[in-house]
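>>> mind looking at a prediction? Sequence and model below.
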Amino acid sequence: QVQLVESGGGLVQAGGSLTLSCIASGRTFSSFSMGWFRQAPGKEREFVAARRWSGGTTYYIDSVKGRFTISRDNAKNTVYLQMNILKPEDTAVYYCAASRWTMSVSERDYDYWGQGTQVTVSS
């Protein structure tokens with residue numbers, strides 16, 4: 001059974017940094033694409049970043065380019081989202097997701113989801 005477990009959320013001041021982790025288990029993810037999404041209060045869930053598990057291709061929404069970095073550690077079966085220069089508008093629940101087929105910005109293309117981790121950025 002595939003499981004994605006996020007951690008690393010918390011409260012941080014604007015300008016600060018956080019690193020989210022997503023531990024993946026239950027199968028081999030080498031052919032998967034991994035994504036991070038977020039959902040702010042009262043808003044729809046939105047795509048943040050994605051990468052192929054194998055290979056270096058990454059993709060980000062414009063609002064986080066240059067501030068966020070998605071990476072993975074094969075040995076730990078973990079995907080990370082390094083978030084720098086955080087802004088209050090980054091406040092949201094962040095979700096890790098896995099797609100068997102494609103690196104996509106659409107949540108409909110992702111097959112597995114974590115439970116989410118809260119990130120709160122104070123001004």
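That came through fine. Numbering: from 1, shown residues only.

>>> quick check, Cys96 in contact with Gly8.
No. The criterion here is C-beta atoms under 8 Å, and Cys96 misses it with Gly8 at 10.4 Å. Yep, even glycine has a C-beta here, placed from its N, CA and C like the rest.

>>> which one's more surrounded, the two?
Cys96 (28 against 16; other C-beta atoms under 10 Å).

>>> any idea which helix or strand carries the more buried one?
Cys96 belongs to strand 92-99 when elements are defined using DSSP states H and E.

>>> hang on, the earlier thing: give the residues shared as contacts by Cys96 and Gly8.
Listed as contacting both Cys96 and Gly8 by C-beta atoms under 8 Å, 6 or more residues apart in numbering are Leu20.

>>> one step back: starting from the strand holding Cys96, tell me which strands it pairs with and how they run.
When pairing is defined by DSSP bridges, strand 92-99 lines up against strand 33-39 (antiparallel), strand 112-113 (antiparallel), strand 117-122 (antiparallel).

>>> let's check: the centremost residue of this protein is which one?
Nearest to the mean C-alpha position of the chain, by C-alpha atoms, centre = their mean, lies Trp36 at 2.5 Å.

>>> let me see the confidence value for it.
We have a pLDDT of 98 for Trp36.

>>> quickly list what it is bridged to.
Under the criterion used (DSSP bridges), Trp36 bridges to Ala49, Cys96.

>>> that one and Arg72, how far apart?
Distance, Trp36 to Arg72, using C-beta to C-beta, to the nearest Å: 12 Å.

>>> no more questions from me, cheers.
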